[in-house]
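Colleague: curious how this folds, go ahead:
(chains A, B and C)
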Amino acid sequence: MTQTVPRLLLIDGHSMAYRAFFALPAENFSTTTGQTTNAAYGFASMLINVLRDEDPTHVAVAFDVSRASFRTEQYPEYKEGRAATPDEFKSQIPLIQQILDAMGVGWLTLEGYEADDILATLATQATEAGFETLICSGDRDALQLVNEQVTVLYPVKGVSELSRMTPAAVEEKYGVPPQRYRDLAALVGEKSDNLPGVPGVGPKTAAKWITAYDGLAGVIASADQIKGKAGENLRAHMSDVIRNGQLNKLVTDVVLAKSAGELRWEGWDATATAELFQVLEFVTLQDRLRTQLGQRQIGDIAEVSPVPVVTARLKLLGTGELAAWLSEHATDTTVGLAVEGRFAAGGGGIDAIALAVEGEEAWCDPAAFDGSDEAAWLAWLADADAVKVVHEAKQLLWAAAPLGWKVAGITCDTALAAYLIRPDLRSYGLDVLVERYLGRQLGPVVEEEAQPTLVGLDESGPGEAAATLARRATAVHDLAAVLVKELESHNADELLTDMELPVQRVLADMETRGIAADVAHLSDLAASFAAQAAEAVTDAHAAVDQQFNLRSPKQLQEILFDKLGMPKTKRTKTGYTTDAEALASLFAKTEHPVLAAILRHRDVEKLKQTVDGLLASVADDGRIHTTFHQTVAATGRLSSSDPNLQNIPVRTEAGRRIRRGFVVSQGFDALMTCDYSQIEMRIMAHLSADAGLIEAFNTGEDLHTTVASRVFGVEPGAVDAEQRRRIKAMSYGLAYGLSAYGLSQQLGIKPEEARGLMDEYFDRFGGVRDYLRSVVDEARRKGYTETMFGRRRYLPDLSSDNRQRREMAERAALNAPIQGSAADIMKIAMLRVERALADQGLTSRLLLQVHDELVLEVTGDERVAVESLVREQMSAAATLAVPLEVSVGFGTDWDTAAH
DNA sequence: TAATCTACGTA
DNA sequence: CGTACGTAGATTAC
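Modeller: Below is the predicted model:
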């Protein structure tokens, strides 16, 4: 498109960004690091639209430097009384400036002047140079600049809709031509600038006067002739009007770094925008740039996907070739090991093996092993001095166990290493880590030259699959070097070597063992729960004389709130909550039988689901093999799934009947449960070094009673049940970042009362308060928290603009060192227990870990020895300022083994 | 079919 | 408006 007349687009950056800030919901626009981006997104979106629609040759954006300007010098009250600019907004201005840089758009600021003055100066220069000018601003002062060559684009709704303020449009809207808009504004005043006008005079009256007396000067000169209340007011507020007129005049001759003619817009930089939009997590804007402003693109989109993993020389080993390869390439060096197969706790197999060292890869199929291969493989695999690095080594351990392979010498598991570096990633997949830490791509090699050199087999063989597995081995090899170095710089390499890697082996063993299930008992339970659930459904339908799905919160809401007209409960995103607490409170108010039936149904249905899940996961060996996940919980805890054996009911009698389905197996005589008592409170006492709390643990009396007696200033014997309950809730809540409001909800008391309780508590246990404060302060300063053993958790949200995110991060910061230290201690305890059992040649064994509890199965003759061993090893797992107490119980099932 | 919401079990 | 998880069914979005 050829343009005869150059066209300059000018934008008031602050004003448009501020509009966007209020137009777009901040909740929907924030990055994973907590940066709010609603204003930046709205601004960028607006800019793209305007550039497309107006097709300018020149562009500039002006920003205010601060609220202070020559106007505040002349009139200190100027713009006073405005609400403080929210931090969530301020932090987005630099983002917008980065967007402008990436889009090749110049931006200007000038100390002592407002953005409007910059725009007025540029518009004036442009007009003199024969430009057309468009000014995009939400500030009405800009209307004074409108003329035949200058149009203001004024936002009507948000920033997506702009109205073209030409001279005719200004005149139609305000009744005066644009060059007299200032006169009108002087009379009417500008509330947002704290410039009061003449009381009782709005735009209509002002326009009438300006027309009648030929401008503001005429109005002032003829003020005596104007009749009525309005005339009186004008005379009384003459000085305001004159001042307004002086202040609202935009300066058209400020000295700028660039003149209008130097603001040519060359186009947007594809690489820069792609990189920036990725950081800001703007998913669609790059596409919009391409489709809407494609002809103004500079450069190609940056290659965002990393280059592939470079594959080294790959040798496909035939039968009888492994021993030679190992001795030639795999001695005195680190070997990346990747295996392919079917992996499951208690089963599986290995179909292919790939090995990688610097510059060399090998692939082999264990099914093709001859005697020499087998011997070489087993010797190398079991050799603790043959250094191996593996990704998710537990799979290898699962598969190795039934094959009778011994595995030693694993110095790094890249998933565990990455978890210790950043424990909050969603995935620790090899592909993710390769991209993140090597800046390369694991996926199939596309480029011809990157193809591996295949040696030894024709292309129709296992070439492709072998290359893929070999690439994984190389990736692990390269990744391990990077991750270990990073860990060492955190002093966290010992956590990998002495904690996570050995724990991984213990977990693999526990998973492989599984725990015996009493299928008949569980089946009976399932049937019984099913019958009770069916009964509850019948009762519920009868109570409301209508069939409905009790599992559907939506239908439940219709019945309760629409049909029965019950009082509304707390809001959820999509309606009103029907959770158990709300239903119970509704029942207390209405005593409607449907509520009792629903609650009963919920209870029994949940139990039934748990039992059904357990039954479905009983393996052929009659045992349940859970999977413990070592890289899921950001605090360092384990998690359990398929099935989750860390959330088996225990609080109710019906729930405990499920625990009776976990039983001791043949060859053993009892299940043994071993709990740390109050481990998190003990860690809190240790970390805070609060003398009172430490003392409370050392009295040997009930902890909560002792603490309550201090808080309430009574003898321990005089602490009543309610006092103890409150203190117990408070103590536990502290480690979660409990607020006074939360505590009041928990205890069913008023927030003020909860506040008072907290104050009393902290008066007696000031060390706890100091500790909790210092944890958050330090985390904010360093960016991460640390457990007693140096396990880090990064919390970037501690500096988020978003209050909700920030406060959530603060609570996480309070909790992470406590929960995490407890997790570390339990991991150490598991290692010590496992080692002591082995050292003493005992057959009793670990089966489960439930955060602060271990479940073992023991033989009758080992029972005494194992109890003393476990007590000793768990208690000695860490040395704290208070003792680590362990309680132990035995039984033929998990419930009766509880104590 | 996949993602999200609501609800609820554990430490 | 108390942390950390996993699972399930219903519902909604694609």
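Colleague: any weak-confidence spans in the stretch 551-700 of chain A?
Modeller: Filtered on pLDDT under 70, the stretch 551-700 of chain A yields no residues whatsoever.
Colleague: neighbours of A:S427, just the number please.
Modeller: By other CB atoms under 10 Å, 11 other residues sit near A:S427. Quick note: C-beta positions are derived from backbone N, CA and C, even for glycine.
Colleague: can you tell me how far it sits from DNA strand B?
Modeller: A:S427 sits 13 Å away from DNA strand B, taking CB to the nearest atom of the strand, to the nearest Å as the criterion.
Colleague: may I have the host helix or strand of A:L184 exported as CSV, CA atoms only?
Modeller: Counting by DSSP states H and E, the element that carries A:L184 is helix A:181-188. The C-alpha trace of helix A:181-188 is given here as CSV (Å, rounded to 0.1, in the frame of the first residue of the first chain):
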residue,chain,number,x,y,z
TYR,A,181,-12.6,22.0,24.6
ARG,A,182,-10.1,23.4,27.1
ASP,A,183,-12.4,26.3,27.8
LEU,A,184,-15.2,23.9,28.6
ALA,A,185,-13.0,21.7,30.7
ALA,A,186,-11.9,24.8,32.7
LEU,A,187,-15.5,25.7,33.6
VAL,A,188,-16.6,22.1,34.3
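Colleague: for that helix, name the packing helices and strands.
Modeller: Of the remaining helices and strands, those touching helix A:181-188 by 3 or more CB pairs under 8 Å, 6 or more residues apart in numbering; DSSP states H and E are helix A:167-174, helix A:203-212, helix A:216-221, helix A:238-247.
Colleague: can we see that at 10 Å?
Modeller: helix A:167-174, strand A:195-196, helix A:203-212, helix A:216-221, helix A:238-247 (3 or more CB pairs under 10 Å, 6 or more residues apart in numbering; DSSP states H and E).
Colleague: and it with helix A:167-174, angle?
Modeller: Interaxial angle, helix A:181-188 versus helix A:167-174 (axes from the mean of the first three to the mean of the last three CA atoms, to 10 degrees): 10 degrees.
Colleague: tell me the mean pLDDT for helix A:181-188?
Modeller: Taken as a whole, helix A:181-188 has a mean pLDDT of 90.
Colleague: contacts for the next helix or strand after it next, please.
Modeller: Counting by DSSP H and E, the element after helix A:181-188 in chain order, helix or strand, is strand A:189-190. Strand A:189-190 is contacted from outside by A:78-79, A:139-141, A:195-199, A:201-202, A:206, A:237, A:240-241, A:244, A:247-248, using CB atoms under 10 Å, 6 or more residues apart in numbering.
Colleague: partners of strand A:189-190, with directions?
Modeller: strand A:195-196 (antiparallel) (DSSP bridges).
Colleague: so what touches stretch A:531-548?
Modeller: Stretch A:531-548 is contacted by residues A:549-551, A:554-556, A:558-560, A:563-564, A:592-609, A:654 when judged by CB under 10 Å, 6+ apart.
Colleague: what residues does chain A have near DNA strand B?
Modeller: By the rule CB under 7 Å from any atom of the strand, the part of chain A lying against DNA strand B is A:553, A:572-575, A:577-581, A:602-603, A:606, A:644, A:646-652, A:655, A:850-853.
Colleague: now, the contacts of stretch A:531-548 that are in helices?
Modeller: Judged by DSSP state H, the subset of these located in helices is A:554-556, A:593-609, A:654.
Colleague: any of these buried? List them.
Modeller: A:556, A:594-608, A:654 (16 or more other CB atoms under 10 Å).
Colleague: narrow the residues of chain A next to DNA strand B to those that are buried.
Modeller: The neighbour-count criterion (16+ other CB under 10 Å) marks A:T578, A:R602, A:D603, A:K606, A:Q646, A:I648, A:P649, A:G655, A:V850, A:H851, A:D852, A:E853 among the residues of chain A next to DNA strand B as buried.
Colleague: which member of those residues is positioned nearest A:A62?
Modeller: Nearest to A:A62 among those is A:T578, at 53.5 Å by CB to CB.
Colleague: now that closest one, nearest residue through space, not along the chain?
Modeller: Leaving aside its sequence neighbours, A:T578 sits nearest to A:L556 (CB to CB, 6 or more residues apart in numbering; 4.6 Å).
Colleague: quick check: the one you found touching A:L583?
Modeller: Yes - assessed by CB atoms under 10 Å, A:L556 is found in contact with A:L583 at 8.7 Å.
Colleague: overlap in contacts of those two?
Modeller: Contacts common to A:L556 and A:L583, judged by CB under 10 Å, 6+ apart, are A:V594, A:I598.
Colleague: how many neighbouring residues does A:F22 have?
Modeller: By other CB under 10 Å, the residues close to A:F22 number 15.
Colleague: what's the answer for A:V176, then?
Modeller: Using other CB under 10 Å, the number of residues around A:V176 comes to 23.
Colleague: what strand or helix carries it?
Modeller: Using DSSP H and E, A:V176 is not contained in any helix or strand.
Colleague: wait, isn't it in contact with A:A207?
Modeller: Yes - here A:V176 reaches A:A207: they are 5.1 Å apart, a contact under CB under 10 Å.
Colleague: give me the common contacts of those two.
Modeller: Common contacts of A:V176 and A:A207 (CB under 10 Å, 6+ apart): A:D183, A:L184.
Colleague: contact residues of the stretch 651-800 of chain A facing DNA strand C?
Modeller: Residues of the stretch 651-800 of chain A lying near DNA strand C (CB under 7 Å from any atom of the strand): A:A729, A:Y732, A:G733, A:Y736, A:G737, A:L738, A:S739, A:Y741, A:G742, A:Q745, A:Q746.
Colleague: how close does the residue of chain A found nearest DNA strand C get to A:P751?
Modeller: Chain A approaches DNA strand C most closely through A:G742 (2.1 Å), counting by CB to the nearest atom of the strand. Using CB to CB, to the nearest Å, A:G742 is found at 9 Å from A:P751.
Colleague: could you do A:S222 as well?
Modeller: From A:S222 over to A:P751 the distance is 63 Å, taken as CB to CB.
Colleague: try A:V714
Modeller: For A:V714, the distance to A:P751 - CB to CB - is 24 Å.
Colleague: now the residue nearest to A:F697 when sequence neighbours are not counted: phi and psi?
Modeller: Nearest residue to A:F697, sequence neighbours excluded (CB to CB, 6+ apart): A:V882, at 4.0 Å. Per-residue torsions, A:V882: phi -130, psi 160 (degrees, to the nearest 10).
Colleague: and A:V882, what does it touch?
Modeller: Contacts for A:V882 were tallied using CB under 10 Å, 6+ apart; they are A:678, A:681-686, A:693-698, A:703.
Colleague: for it, give me the pLDDT.
Modeller: A:V882 carries a pLDDT score of 96 in this model.
Colleague: from DNA strand B, how far out is it?
Modeller: The gap separating A:V882 from DNA strand B is 18 Å, by CB to the nearest atom of the strand.
Colleague: for A:I242, what are its contacts?
Modeller: Neighbour list for A:I242: A:A186, A:L216, A:I220 [criterion: CB under 10 Å, 6+ apart].
Colleague: spell out the residue ranges of the helices in the stretch 551-700 of chain A.
Modeller: A:553-557, A:580-590, A:593-616, A:653-659, A:679-688, A:691-698 (DSSP state H, counting those that start in this stretch).
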